[in-house]
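A.B. asks: Any chance you can model this:
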Amino acid sequence: MNGAKRLEQAFEKLETFLETNDEISTLSGSDAEKIKNLISENKDLKAKQKEAKKRLDKIITKIEKGGK
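C.D. replies: Sure, this is the predicted structure:
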């Protein structure tokens, strides 16, 4: 399995864990804020990873076509 796919799966597992864990949902105060920030950062990183994958695919396609 390539690194990008493993990273994507790790992000998905983290997001699912953070959103569904009962102990996390009962946190309050600074701990809850930290978790909310982690969820937000995770979503941002997933979006950036997805965009990077698109760019990489375009570059690979260009190389395969001979740099046209």
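A.B. asks: Quick one: list the elements packing against the top helix by length along the chain.
C.D. replies: Longest helix in the chain, counting residues (DSSP state H): helix 30-64. Packing contacts for helix 30-64, counted by 3 or more CB pairs under 8 Å, 6 or more residues apart in numbering; DSSP states H and E, involve helix 3-20. C-beta here means a position set from N, CA and C on the backbone, and glycine is covered the same way.
A.B. asks: could you point out which element follows the helix it packs on?
C.D. replies: Proceeding N to C from helix 3-20, the next assigned helix or strand is helix 22-25, under DSSP states H and E.
A.B. asks: Now that next one: buried residues?
C.D. replies: Applying a neighbour-count criterion of 16 or more other CB atoms under 10 Å, one finds I24 buried in helix 22-25.
A.B. asks: Please report the number of neighbouring residues for the closest residue to E15 other than its chain neighbours.
C.D. replies: The shortest distance from E15 to any non-neighbouring residue, by CB to CB, 6 or more residues apart in numbering, is to N42 (5.3 Å). Neighbour count for N42, taken as other CB atoms under 10 Å: 18.
A.B. asks: All further residue positions should be reported with the first residue as 38.
C.D. replies: All right, first residue 38 from here; so that's N79.
A.B. asks: quick one, what contacts N79?
C.D. replies: F48, L51, E52, L55 (CB atoms under 8 Å, 6 or more residues apart in numbering).
A.B. asks: ok, back up a step: which of the residues in the longest helix of the chain are buried?
C.D. replies: I72, N79, K83.
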